[in-house]
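Enquirer: show me how the following folds:
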Amino acid sequence: MATKPTEPVTILSLRKLSLGTAEPQVKEPKTFTVEDAVETIGFGRFHIALFLIMGSTGVVEAMEIMLIAVVSPVIRCEWQLENWQVALVTTMVFFGYMVFSILFGLLADRYGRRKILLISFLWGAYFSLLTSFAPSYIWFVFLRTMVGCGVSAHSQWLIIKTEFLPTKYRGYMLPLSQVFWLAGSLLIIGLASVIVPTIGWRWLIRVASVPGIILIVAFKFIPESARFNVSTGNTQAALATLERIAKMNRSVMPEGKLVEPVLTSSDLWGVFSSHSVESLLYIYSSEVYPTTMRALGMGTSGSLCRIGAMVAPFISQVLMSASILGALCLFSSVCVVCAISAFTLPIETKGRALQQIK
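Expert: Predicted coordinates:
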C-alpha cells in the first residue's frame, strides 16, 4: 500500500516577547529669571513713580554738594579764612565721600540697596542740620565731612532704578535722571540768593535739609531690588516685588518658577582701573557690574573719582591764582587721560541684560 507523501511542516516557536514600554519623559518645569520678568512686565506706572522718587535723590545730593560753593564766601568773611582753608572744606567733604563710598557699597551688596539708601539719607540730614549750628571753622569742616560720608551712598538710587528698568529703556531713562542733579544745583543757588542775604547761611543749610527728610518718608513706597533678593536666595520676596510691579503696571508675570541665573565674570578688574579717571561713570557702572557686586563696583569707582574732586578745589583756589595757564593745562591733561581710559573699557553694555554671578 502506497504511503502518502508527508509534507514538510514548519514549526514556529513563538516566544513570549517582552515589549518594554518607554517611560514617560518628565516635563521640565518652566522657569524664569528676574531679567525675564522685568522684560515681560515692561515699562509702566511703577517705573514712572520710581523715576520721580529715586531721581529726587539727585536733587538732594546736588543741594548738599553745591551748598559749599554758595556758603564758602560767607564763612570766609565770618571766620576770616585763607584760600587753602576754604578749599579744605570741599576737599574734606569729598574725602568722606571717597572713604565711605566703598564701605556703603559693601554693605549694600550684603544688606540691600534700599536699607543703605535710607541710612545714608538719615545720616546726611542729621549731620547737615548739625552743620547749621557749627560754632567754629573746625566744627564746620568736621560736620560737612560727615555729610559727605552720608551722601556717598546716594548712588544706590541709580542701582535700584537700573535693576528695575527693562533693557531698552535704560539707554535714555538713566541719562535723563541727571536732570534732577541739575535741578538741585539750580534750586540751592536760588535759595541762597534769597535766604543768605536775609536770614543767613545757617538757615540756608536748615532749609536745604528739608527735601532729604521728605524723601525718607517717600522711600517706603520703593521696594528692595528683586535682583538683590534673588542673589541672596530670598526668591519669595523677589517674586512678591515682581508681582506687585506687574499689578501696578497692569501687566502679567511670565509663567513658571523664579530662579537665579548663574553666570561667570570677565574683564571686571579692567573696568575698576579704567573708571578711576572717568567722572561720568554711574550709568556704565550700574550696567557692567553683576548684581552681587554692583554696589561695590560703583562705590569703588566713585571713590576713586573723588580723588579729582578733592584736588580740584586747591587747583581753582590756589593754583589758578598763581597761574591760570598752568591750571588749565592740568585740567586738559586729565581730560585727555579720561578719553584714553574710556577707549580701554573692555565691555559694551548697550542692549545687554544685567549680569548676575553666583
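
Enquirer: now the helices for the stretch 1-150 of the chain?
Expert: In chain order, the stretch 1-150 of the chain shows helices spanning 34-41, 45-79, 83-111, 113-131, 137-151, with DSSP state H, counting those that start in this stretch as the criterion.

Enquirer: how distant is the helix or strand that comes right after the last one from the center of its chain?
Expert: Towards the C-terminus, the helix or strand next in line after helix 137-151, according to DSSP states H and E, is helix 156-164. Here helix 156-164 is found 5 Å from its chain centre; the criterion is C-alpha atoms, centre = their mean, to the nearest Å.

Enquirer: surely Ile222 and His47 touch.
Expert: No. With contact defined as C-beta atoms under 8 Å, Ile222 does not count as touching His47 (11.5 Å). Backbone N, C-alpha and C define where each C-beta goes, glycine included.

Enquirer: how about the nearest residue to Val311, chain neighbours excluded?
Expert: The shortest distance from Val311 to any residue that is not its chain neighbour, by C-beta to C-beta, 6 or more residues apart in numbering, is 7.8 Å, and that residue is Thr91.

Enquirer: and the one you found, how many residues sit next to it?
Expert: 21 (other C-beta atoms under 10 Å).

Enquirer: separation between it and Gly148?
Expert: For Thr91, the distance to Gly148 equals 10 Å [C-beta to C-beta, to the nearest Å].

Enquirer: picking that back up, so what pLDDT did the residue nearest to Val311 get?
Expert: The confidence metric pLDDT takes the value 86 at Thr91.

Enquirer: ok, Gly20 next?
Expert: At Gly20, the pLDDT value in this model is 50.

Enquirer: Trp203 belongs to a strand?
Expert: No. In this structure, Trp203 is helix, not part of a strand, as judged by DSSP: H, G, I helix; E, B strand; the rest coil.

Enquirer: tally of neighbours for it?
Expert: The number of residues packed around Trp203, counting by other C-beta under 10 Å, is 14.

Enquirer: touching, it and Ser132? I think so.
Expert: Yes. Checked against C-beta under 8 Å, the pair Trp203 and Ser132 is within contact range at 7.3 Å.

Enquirer: what's near enough to touch Tyr126?
Expert: Gly150 (C-beta atoms under 8 Å, 6 or more residues apart in numbering).

Enquirer: how close does it get to Val147?
Expert: Going from Tyr126 to Val147 by C-beta to C-beta gives 9 Å.

Enquirer: for the helix or strand Phe331 falls within, which positions count as buried?
Expert: Here Phe331 is covered by helix 324-343, with elements defined by DSSP H and E. Residues of helix 324-343 classed as buried under the neighbour-count rule (16 or more other C-beta atoms under 10 Å) are 327, 334, 338.

Enquirer: and the first one, what pLDDT?
Expert: At Ala327 the predicted local distance difference test score is 72.

Enquirer: run a quick neighbour tally on the closest residue in space to Phe133 that isn't next to it in sequence.
Expert: If you skip the residues right next to it in sequence, Phe133 has Arg202 as its closest partner in space, 7.3 Å away by C-beta to C-beta, 6+ apart. Counted by other C-beta under 10 Å, the residues lying close to Arg202 total 16.

Enquirer: what ranges do the strands span in the stretch 201-350 of the chain?
Expert: The residue ranges that make up the strands of the stretch 201-350 of the chain, judged by DSSP state E, counting those that start in this stretch, are 257-258.

Enquirer: quick one: low-confidence ranges for it?
Expert: Low-confidence segments of the stretch 201-350 of the chain, defined by pLDDT under 70, are located at 261-289, 291-292, 296-306, 308-309, 314-321, 347-350.

Enquirer: and the helices in it?
Expert: Residue ranges of the helices in the stretch 201-350 of the chain, as given by DSSP H, counting those that start in this stretch, are 201-208, 210-218, 226-231, 235-248, 268-274, 282-288, 294-314, 320-322, 324-343.

Enquirer: packing partners for the third one?
Expert: Just to be clear, that refers to helix 226-231. Using 3 or more C-beta pairs under 8 Å, 6 or more residues apart in numbering; DSSP states H and E as the contact definition, the elements that helix 226-231 packs against are helix 34-41, helix 156-164, helix 235-248.

Enquirer: 10 Å - rerun?
Expert: With contacts defined as 3 or more C-beta pairs under 10 Å, 6 or more residues apart in numbering; DSSP states H and E, the packing partners of helix 226-231 are helix 34-41, helix 83-111, helix 113-131, helix 156-164, helix 235-248, strand 257-258, helix 294-314.

Enquirer: would you mark the buried spots in that helix?
Expert: Counting neighbours by 16+ other C-beta under 10 Å, one finds that the buried residues in helix 226-231 are 226-231.

Enquirer: possible to save those residues as JSON lines with distance to Ala218?
Expert: As requested, these are exported to JSON lines (distance: C-beta to C-beta, whole Å):
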{"residue": "Ala226", "distance to Ala218": "20"}
{"residue": "Arg227", "distance to Ala218": "22"}
{"residue": "Phe228", "distance to Ala218": "20"}
{"residue": "Asn229", "distance to Ala218": "21"}
{"residue": "Val230", "distance to Ala218": "25"}
{"residue": "Ser231", "distance to Ala218": "25"}
